[in-house]
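Undergrad: Here is a sequence together with a model predicted from it:
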2 protein chains.
Amino acid sequence: MHTIGEFSRITGLSVKALRFYHEKGILEPCSVDEDSGYRYYDTRSVERARVVARLRSLDFTVQEIKDLLAQCDDESGALEFLQRRKNTLEADIRRRRGIVRELESIIASEEEARNIMRESKFEIEEKSIPSMLMAGVRMRGRYSDCGKGFALIGRKLGRHIGGHPFNLYYDGEFREEDADLEACVPMKRAAEAEGISVRELPAIRCVALVHRGPYDTVGRSYERVLAYVKEKGYKTVLPSREVYLKGPGMIFRGNPKNYLTEIQIPIE
Amino acid sequence: MHTIGEFSRITGLSVKALRFYHEKGILEPCSVDEDSGYRYYDTRSVERARVVARLRSLDFTVQEIKDLLAQCDDESGALEFLQRRKNTLEADIRRRRGIVRELESIIASEEEARNIMRESKFEIEEKSIPSMLMAGVRMRGRYSDCGKGFALIGRKLGRHIGGHPFNLYYDGEFREEDADLEACVPMKRAAEAEGISVRELPAIRCVALVHRGPYDTVGRSYERVLAYVKEKGYKTVLPSREVYLKGPGMIFRGNPKNYLTEIQIPIE
DNA sequence: TCTTGACTCTCCCCCTACGGGAGGCATTAT
DNA sequence: ATAATGCCTCCCGTAGGGGGAGAGTCAAGA
């Protein structure tokens, strides 16, 4: 016969936990003094306490332990309980892994934006863009409508996205109202979805400039790029591209002053 | 200005949750009617609500969200919060994966025991045991002392165990008191630890019998095996082996009537 | 026998992130 | 005027105990 304190030291379970297990009926003392209310534990209870502690360490709930102990007295009978516990744990792990992946992608994109900020000189440059696999939703309307296209791609092909979203502009000049544009996203793998064109976008040579600030000031950067193109005497090719290196984040809308948009005007 | 119900429908957060977030100070209505206590939400609050919902879906606690919103207004500032969250999630996943692995090993060993029960005919057979890598603790004493040896191996090399524990008996005859025995466990990989001998155990040809029941009745099965050996005129070789196919489980002690022990008497 | 110190008892509040419900006003539609 | 919603606050519940208050108990020393 041990008092609760002794039994606690023997089993490694806290006194509070022992009282709690008594209340829940999964680990009863062998006798309780009627006058004092003192709990007394038998040495034989140590075995059961070990089992309870073990099951708790395997993350069984107290209710599960109760059910399990009521029905089983060896592992063979508890097999399906163990299996169920394993399944719920695995579901839990999958959920958390999904969150971790989201966090990783947020962190990675943020760090990439920092790199761009540090490395980009925000000056006009000529460069080559390799061909890439992309998914696009072509539409007519105003610039702000492209969000719907990105949303559609995200919903249908979100798993395969592999890069910054961008727009293709098929109009020769800027149109506020009835622009012919395509909301696009680079893809890691080919996939199909209704209303979305998945295809290889050809490589180009282009004049590019990273614009920093809100979208409605992007016109100024276009002027600079077009002036450069004219000065150099290049001939431009459609469609032109606008890559959203950093826009509203996945959590915060962020400060538009820090948005980064790369204008790419293809040349022959 | 929206009432709480409208705002709930807009944001997808429950009315209860909105009141809770108000109380916790992470999402305050833009005005509260002094008389009626009605909360009124601005359209601008939708953005903040979206952020809160997003952070909750990433499993941030309300307190973390509060700290995060107090310090950051874009993802760049929140990077270390995200990183911390990711780290705790990963620790969580590791813990659960450890539990899943434990459960898997319990389930696997239990299913294996079932297979043995189903397939073994509990008759004497002659068979070959291939060589195996093992860890052993040699000792003198009584049979029941071998538990200490298994415990030591489990503590030091638990990760590398790959099979049923067994004993090697170096005495020609049965000794209750001062037996020369070695508590052994098959190993998946070589490893070292003080007081443990890790080595390759040679292959043998042996006469074997699976004994079912508590250890203290194992003598009867020995009699049968030795009678068989004598009848066949085999010459035995030391050490003999006793493999604990099923003993006290990792959770329950189990019913000794179902314990399975294989006696292996090596022959020349 | 008395005291003292170490234990133990029950009871209550605390934690998360809300959900459920009771009882009581406010607003709006008929 | 009345009924139907909608909203308010307040209270209780969750899982597994931790922390502590106030009171009773046990064993040993003086």
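TA: Perfect, thanks for sending it.
Undergrad: residue contacts, the residue nearest to the spatial centre of chain A?
TA: Centroid check for chain A by CA atoms, centre = their mean gives A:Glu102 as the closest residue, at 1.3 Å. Contact analysis of A:Glu102 by CB atoms under 8 Å, 6 or more residues apart in numbering or on different chains lists A:250, B:58. Every residue, glycine included, has its C-beta placed from N, CA and C.
Undergrad: and what of the one 5 residues further on?
TA: Taking CB under 8 Å, 6+ apart, we find A:Ile107 in contact with B:79, B:82-83, B:86.
Undergrad: Including neighbour count and pLDDT, could those go into CSV?
TA: Below are those laid out as CSV (neighbours: other CB atoms under 10 Å in any protein chain shown; pLDDT from 0 to 100):
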residue, neighbour count, pLDDT
B:Leu79, 16, 92
B:Leu82, 22, 94
B:Gln83, 13, 94
B:Lys86, 19, 95
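Undergrad: Just these: which are in strands?
TA: Judged by DSSP state E, strands contain none of the contacts of A:Ile107.
Undergrad: Walking through the stretch 1-150 of chain A, point out its strands one by one.
TA: A:2-3, A:31-32, A:39-41, A:125-129, A:132-141 (DSSP state E, counting those that start in this stretch).
Undergrad: Identify, out of those, the most deeply packed stretch.
TA: Highest mean neighbour count of the strands of the stretch 1-150 of chain A: strand A:39-41, a mean of 20 (counted as mean count of other CB atoms under 10 Å in any protein chain shown).
Undergrad: How far off centre is that one?
TA: With CA atoms, centre = their mean, to the nearest Å as the basis, strand A:39-41 stands 51 Å off its chain's centre.
Undergrad: could you say what helices and strands it packs with?
TA: With contacts taken as 3 or more CB pairs under 8 Å, 6 or more residues apart in numbering or on different chains; DSSP states H and E, strand A:39-41 sits against strand A:2-3, helix A:4-11, helix A:15-24, strand A:31-32.
Undergrad: Can you show me the helices along the stretch 51-200 of chain A?
TA: For the stretch 51-200 of chain A, the helices defined by DSSP state H, counting those that start in this stretch cover A:62-71, A:79-119, A:146-157.
Undergrad: would JSON lines of the strands of the stretch 1-150 of chain A with mean pLDDT and distance to A:Leu238 be doable?
TA: Formatted as JSON lines, the strands of the stretch 1-150 of chain A follow (pLDDT from 0 to 100; distance: least, CB to CB, whole Å):
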{"stretch": "strand A:2-3", "mean pLDDT": "96", "distance to A:Leu238": "86"}
{"stretch": "strand A:31-32", "mean pLDDT": "94", "distance to A:Leu238": "87"}
{"stretch": "strand A:39-41", "mean pLDDT": "96", "distance to A:Leu238": "84"}
{"stretch": "strand A:125-129", "mean pLDDT": "94", "distance to A:Leu238": "15"}
{"stretch": "strand A:132-141", "mean pLDDT": "95", "distance to A:Leu238": "13"}
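Undergrad: out of those, which comes closest to DNA strand D?
TA: Proximity to DNA strand D, assessed across the strands of the stretch 1-150 of chain A by CB to the nearest atom of the strand, is greatest for strand A:2-3 (8.1 Å).
Undergrad: re the thing from before, next, format the contacts of A:Ile107 as CSV and append distance to chain A.
TA: Below are the contacts of A:Ile107 laid out as CSV (distance: CB to the nearest CB, whole Å):
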residue, distance to chain A
B:Leu79, 6
B:Leu82, 5
B:Gln83, 6
B:Lys86, 4
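Undergrad: filter the residues you listed down to the ones near DNA strand C?
TA: Counting by CB under 7 Å from any atom of the strand, nothing from the contacts of A:Ile107 sits close to DNA strand C.
Undergrad: wait, which of the residues you listed is closest to B:Thr43?
TA: B:Leu82 (27.6 Å; CB to CB).
Undergrad: dump the residue contacts of that closest one.
TA: By CB under 8 Å, 6+ apart, the residues touching B:Leu82 are A:103, A:106-107, B:75.
Undergrad: Tell me the confidence at the closest residue to DNA strand C within chain A?
TA: Distances between chain A and DNA strand C by CB to the nearest atom of the strand are smallest at A:Gly5, namely 2.4 Å. Model confidence at A:Gly5, given as pLDDT, is 96.
Undergrad: A:Val198 reaches A:Met134, doesn't it?
TA: Yes - the criterion here is CB atoms under 8 Å, and A:Val198 meets it with A:Met134 at 7.2 Å.
Undergrad: which residues do those two both contact?
TA: By CB under 8 Å, 6+ apart, the residues touching both A:Val198 and A:Met134 are A:Met187.
Undergrad: Now do the same contact list for the closest residue to A:Leu226 other than its chain neighbours.
TA: Spatial nearest neighbour of A:Leu226, chain neighbours left out: A:Ile265 (7.3 Å); criterion: CB to CB, 6 or more residues apart in numbering or on different chains. Contact analysis of A:Ile265 by CB under 8 Å, 6+ apart lists A:206-208, A:225-226, A:229, A:236, A:240.
Undergrad: Next, work out how far apart A:Ile265 and A:Ser120 are.
TA: Separation of A:Ile265 from A:Ser120 (CB to CB, to the nearest Å): 17 Å.
Undergrad: got it, and A:Arg44?
TA: 73 Å.
Undergrad: which one of those two has more residues nearby?
TA: A:Ser120 (15 against 9; other CB atoms under 10 Å in any protein chain shown).
Undergrad: Within range of chain B, give me the residues from the stretch 151-268 of chain A.
TA: Proximity of the stretch 151-268 of chain A to chain B is confined to A:249-255, A:258 under the rule CB under 8 Å from any CB of the partner chain.
Undergrad: Now that we have the residues you listed, which of them are buried?
TA: Using 16 or more other CB atoms under 10 Å in any protein chain shown as the burial test, these include A:249, A:251-252, A:254, A:258 as buried.
Undergrad: Okay, now the unreliable bits of chain A?
TA: For chain A, no stretch is flagged by pLDDT under 70.
Undergrad: would a markdown table of the strands of the stretch 1-150 of chain A with distance to DNA strand C be doable?
TA: Formatted as a markdown table, those follow (distance: least, CB to the nearest atom of the strand, whole Å):
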| stretch | distance to DNA strand C |
| --- | --- |
| strand A:2-3 | 3 |
| strand A:31-32 | 7 |
| strand A:39-41 | 3 |
| strand A:125-129 | 44 |
| strand A:132-141 | 34 |
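Undergrad: and of the ones you listed, who's closest to B:Leu13?
TA: strand A:132-141 (29.6 Å).
Undergrad: Could you check the angle the closest one makes with helix A:146-157?
TA: Put simply, strand A:132-141 runs at 140 degrees to helix A:146-157, going by axes from the mean of the first three to the mean of the last three CA atoms, to 10 degrees.
Undergrad: Now do strand A:132-141: distance to the chain's middle.
TA: For strand A:132-141, the distance to the chain centre is 24 Å (CA atoms, centre = their mean).
Undergrad: Done for today, thanks.
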